[in-house]
Structures are given as C-alpha cells and as structure tokens.
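>>> what follows is a predicted protein model with its sequence.
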Amino acid sequence: MCGIVGALTDRPVAPLMLDALRRLEYRGYDSAGLATLADGVLHRRRAAGKLAGLEAVLAAEPLPGTSGIGHTRWATHGPPTVANAHPHVAGRVAVVHNGIIENHAALKAELKAEGVVFTSDTDTEVVAHLLDRAIRHGQTPQEAMAALMPRLAGAFAFVVLVAGEDDLLLAARRASPLAIGLGDGEAFVGSDAVALAPLTRRIVYLEDGDWAVLRRGGVRVFRDAGVPVERPEQISTVTSAMVGKGNYRHFMEKEIHEQPEAIAHTLHAVLDPGTGRATIPPPLDAPGIPKITIVAAGTSYYAGLTARYWLESLAGIATEVELASEFRDRDAVLPPGGVAIAISQSGESLDTLMALRRAKELGQKVLALVNVPESTIARESDGVLLTRAGPEFGVASTKATTAQLTALCALAIALGRAHGRLSEERATALREALVGLPGRVGEVLQHEAHFMRIAHDLARARDVLYLGRGLSYPIALEGALKLKEITYIHAEGYAAGEMKHGPIALIDETMPVVILAPTDGWFEKTASNVSEVRARGGKVILLTDAAGAARLGEPGDHVIVLPTVDPMVAPILYAVPVQLLAYYAAVEKGTDADQPRNLAKSVTVE
Ligand code: M6R
C-alpha cells in the first residue's frame, strides 16, 4: 500500500531510486514521484499512473542530486492525480508516506487556522507542514521530528528530506513496515528489504513506533519524543536475483511456475529431515488446546478455511476461521488457553496485524504463518511457521498460497499424531502425498495450452460461478477471487450444496460454472450439482481426476483432468488450475495480471 524509498548516496540518486520503486510498484501504482537535493535545494518530479509515467517525466527533465526520496502510490486520500502524488512539499520539507494519518483532519484545521494553504487532498501533507513549521520556528529537523511523533495517530510509515540538509533523512514507522539499509558510506530506507536488495543486504528493521535519523555514516533510532534505542543489524536473505521476471511475461506467470519449488522448499523446512515428521511450533505445542482461531484476509483467509477441515478432521481440534477485518472489531468469546493463527503472505496486512493484537487482548497465544520472516506479524507472534515460497510480487497470490496450504496440512498431520487422532500409517501416507505434490503440480503446469483454450471462452463471460464442496469449497472461493481480481469479470465462489438455495437462479447458457470435483467423500453430491447445472444450460468447466472425468465428463463440457492424489491434499493441487484459468483469461482480455486496477499487493491500511 504505497511504496516508499530514500537514499543518501555518493552517486546520482534518481536512477537508483527509480529502480528501487520498480521493486516496490507491487505496493501501489496510482502515481509516482521523486524528490532530490542538489546544492541543498529541493527538486521534485511527479506523474499520475504507473511508474512508466514518472520515467517519461524524468527522461524529459532529469533530477540532479545524491540524496532523495521516492514514492509509488495506492490512493487513499484524494484521487490519483499529479497534485496528490508524493513527495509532498511544504517549505523546506518533502515527505513520502505509506498508511494513514488518522487525525489529519484536526491537524489540517489547526494549520489552516494559521493560514497554511494545502495543495493536495492527502493526509500526508500535514506531516510536511508540521515539520516545516517547527523548523521555521527554530527547531532542528531531529527536534521537529521528536515533537511531531507523539502528535500523530494512525498506522503509517514516512520518510522526510529537508532542504539544506544533504546528509539527512528522517524516517518513522507505526504498524506499516520500514527497513533501513546500511551501505559503505551510504544509507537507504525502503518499505521492504526487497526494494533495497541490489543496494545492500545490511538491514536494520525498525520496530513498531520507532523513528530514525539516517546519515551516510549510519543510523540512530529513537522512540516517542526522542528516547534512543538500539536495533540490531541483520543480513537480508533477499538477493537481487530473486526480484526479476526472468523469461516470463508476468510475475504471476513466473510465480505459478515456481510452485513445485515453493511447495518442496516449504516441506523441506517444515518436515524434520531425519524423521520426515513436522515439528509443532509454539504455541501449538501446548497440551489440551481448546480452540484454534484463524485470522486472515483474502486468499490467506481461504487457506485458513481449508485448514479448518484439516485441523478438525485430522487433529480433532475445534477451529474457527475469521476475516481479520471483522474479527478485530468483534467481541469474540475465546477460551483461555486457545491459540490464534495469523496467516499472511506479506506478514504486513494491517487487518491481520490488528486481528492478531485483538486475539492477544482476548488471551490467546498467537502463531504466525508468513512468507516474510522479518515481517511485523512474525515479530509480534509467540511462534512462527514460515512458508518458503520466496518473494511474491504478483498482486494475485499464487505460490505463497500453495505454500501456506502445504505448511498448514503438514501441521495438521503433526497435530493429529500428537493428539492421538491419526494412526502413524495414515500420517505417513498423508506426508507422502504432500511430498509427491511438487511432481503433481509440475504435471498440471505441462498442460497450459489446454488452460489457454478454456480461458479463451472464460474471458468472454460476464459472470462466472465456482462451485466446490468440503475441501474444494475454499478453492472455489479462491478461484472466483483470482478471476475477479485480475480480469474484472464478476465471479462468485459457492459451496456446491448452497447452489440450490439461490445462485442456481443465475444459471443460463451464458454462464460458465467451474466445478471442482476430485473423487473424494463429497464427489457423489457434487456430481448431482453438475447435473443440475447442465439441466439449466450452464456451461460446465469440470476440474476432476481420471476417475471423476470417466464418471462425469460429457461432450460439450470443458473437462480438465488433474493427477489423482489423496483427497486430503487435493485442495493444494486444485489451487493451481484455478490460478491458470484466471491468468490466461487475463492475458486473453489484455488486463494487467501483475498490477490489476485499484489493488495493491500489501494492504497496510484498514
Ligand atoms: O499478505 P496477505 O496474505 O496478508 O494478503 C492478504 C490479501 O490481501 C491477499 O491474499 C489478496 O487477497 C490477494 N490479492 C489475493 O490474490
């Protein structure tokens, strides 16, 4: 949700920051801008739309200087115009900002009463004006920052550049992520370590509520109104080789193809190489856990819905799955000794972070399931289970999802054994099914031409229904989300048994219905739903295995035959074809699969 970057260098800073913004564009692409200092004077370039617009502006009017700040925006306050593009400047101060200053209206009123004229609709501009006012009144930039921090409410990160201060950047974070990079006589700051990967791997992560003074010689970190604190330097595991598209057209396509490795690496990390069994991470290793509450958003929520089936049927643990944005404001009644699992690819979704904090308030211990080890959600949890999908840039989550599902299934198997619910024989069979998944996913990926042909039809639909029962139901929801977010086609996921309670009214000969039907315990009932769709002229797109295709496939349907796997792990495999259908439908329609309109990869606003 907005990418921010800053750099104090000994080389031209604008190209370097533009490059860093390319790696942050997944966070938002409504507008972009840079500000630099040359001979102590502020220079600024901004453009509406994607980064390409700013590149064109910079080509016509290059920016001088060796220190600067940059921004790629996901609009919250004010439309995506040049006037609302960051950096925002007031007098000597330029600011780039991610998140929301919640008390901006009161601060704006105070400044307006003094005659300040605002030039944008953003909440950000108050930060620039408040700092500039303090500096004009004689405070140093650092004193101004110390005075400002206690006055700001909300969840945000920002970076400040001050005219006349060529060796200074000020940075702050509250809930939104921010990483400081240390170079050789250079200093950097960015929304994540990925942005800084080609510049440095020496990273200092700011804690929630920290603010920092960066100079070329190093960084000093403070809290509140200026209490100094120490934060350790770490070596980032992200390398610049991880952040390109390779030979693929889109990050999404590349990430879909990286799933065999993502699943294999996650299994390798989760399963003990000696015993082949998963270790149960704290706090789930406690005896007699009365209830698990999963909190998550979007696709991670659907991974949680899938995990509920596993945790209940394999481990016998009562499990609830909650949308993080709803849970955080509810008076949920949770038992003492319960555990919450916060699932998040980025580890930064603000809704999920706030739900995690709420779960703690309600007396729960928290396990984080994240793809980014240094993320806020990981750091605020009592235990961490890591997926090893590698950095994911496509806005539509793919490899992180199958890695989440893999980790959750392995965890449920381990809990099933620990709670005496699962025989060792069945646990071994399930682990073997998981270990076989990278190969099975690889087989699915070999049939892309078939997916392209079906997507050709799908791309012409106005509405699409996805149906699944039991373990396939969350994947039906996921398929519908994938399609709508990258093609803008209206799609709905439904529990197949619910179709007759309403959505069946939608079905006619123009309506494709994607039905997920592995041969499992729910198959016969799903088969009836297939007949009901056909009886109303619906166009069936059937995802099944060889036995299911032999039993159900009919001429006129699109039938996608997937490898036969243990039904328990089928949702992990079936997540892949729904991604491929959505991806090729987007390619067919010409929408931008990596940067769909209105969306951003990491949602750090409420
Ligand atoms: O990083 P998170 O897993 O917390 O993100 C949650 C959702 O924002 C995310 O899954 C979103 O729904 C994706 N665009 C789905 O493809």
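Done, it's in. Numbering: from 1, shown residues only.
>>> for the rest of this, base every contact and every neighbour count on C-alpha atoms.
Fine.
>>> what's the residue of the stretch 401-550 of the chain found nearest the ligand in contact with, if anything?
Distances between the stretch 401-550 of the chain and the ligand by Cα to the nearest ligand atom are smallest at residue 482, namely 5.9 Å. Neighbouring residues of residue 482 by Cα atoms under 8 Å, 6 or more residues apart in numbering: 396, 578, 579, 582.
>>> now do the SS call for it.
The assignment at residue 482 comes out as helix when based on DSSP: H, G, I helix; E, B strand; the rest coil.
>>> so the helix or strand residue 359 falls within, near the ligand or not?
In this assignment (DSSP states H and E), residue 359 forms part of helix 350-361. No. Contact of helix 350-361 with the ligand (Cα under 6 Å from any ligand atom) is absent, the minimum separation being 6.5 Å.
>>> ok so, going back, for the contacts of residue 482, could you give me JSON lines that also reports neighbour count?
Below are the contacts of residue 482 laid out as JSON lines (neighbours: other Cα atoms under 10 Å):
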{"residue": "396", "neighbour count": "29"}
{"residue": "578", "neighbour count": "24"}
{"residue": "579", "neighbour count": "25"}
{"residue": "582", "neighbour count": "28"}
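>>> okay, these in CSV with pLDDT, distance to residue 17 and secondary structure next?
Conversion of the contacts of residue 482 to CSV gives the following (pLDDT from 0 to 100; distance: Cα to Cα, whole Å; DSSP: H, G, I helix; E, B strand; the rest coil):
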residue, pLDDT, distance to residue 17, secondary structure
396, 96, 25, coil
578, 98, 36, helix
579, 98, 33, helix
582, 98, 33, helix
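>>> which of those residues sits closest to the ligand?
Closest to the ligand out of the contacts of residue 482 is residue 396 (3.3 Å), distances taken as Cα to the nearest ligand atom.
>>> any idea of the pLDDT on the residue nearest to that closest one when sequence neighbours are not counted?
The shortest distance from residue 396 to any non-neighbouring residue, by Cα to Cα, 6 or more residues apart in numbering, is to residue 482 (6.5 Å). pLDDT recorded at residue 482 is 98.
>>> same deal with residue 499?
Residue 499 is given a pLDDT of 89.
>>> can we start the residue count at 397 from this point?
Sure, I'll start numbering at 397, so the last one becomes residue 895.
>>> so what's it up against?
Contact analysis of residue 895 by Cα under 8 Å, 6+ apart lists residue 925.
>>> and with 6 Å instead?
Residues near residue 895 by Cα atoms under 6 Å, 6 or more residues apart in numbering: none.
>>> helix/strand/coil for it?
Put simply, residue 895 is helix when judged by three-state DSSP.
>>> show me what counts as buried in the helix or strand of the chain with the lowest mean pLDDT.
Least confident helix or strand of the chain, by mean pLDDT, DSSP states H and E, is helix 589-592 with a mean of 88. Going by neighbour count (16 or more other Cα atoms under 10 Å), the buried part of helix 589-592 is 589, 590, 591, 592.
>>> downstream of that helix, the next helix or strand is which one?
strand 598-601.
>>> partner strands of the next helix or strand after that next one, parallel or antiparallel?
With elements assigned by DSSP H and E, the helix or strand that comes after strand 598-601 is strand 606-611. According to DSSP bridges, strand 606-611 forms sheet pairs with strand 565-570 (antiparallel), strand 614-619 (antiparallel).
>>> strand 606-611 - what's its average pLDDT?
Computed over strand 606-611, the average pLDDT equals 97.
>>> gap between it and the chain center?
Per Cα atoms, centre = their mean, to the nearest Å, the displacement of strand 606-611 from the mean C-alpha position of its chain is 26 Å.
>>> give the contact list for residue 673.
residue 667.
>>> make it 7 Å
667, 810 (Cα atoms under 7 Å, 6 or more residues apart in numbering).
>>> before we move on, the earlier item: would you list the strands paired with strand 606-611 in a markdown table and tack on mean neighbour count?
Shown next, in a markdown table, are these (neighbours: other Cα under 10 Å):
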| stretch | mean neighbour count |
| --- | --- |
| strand 565-570 | 25 |
| strand 614-619 | 18 |
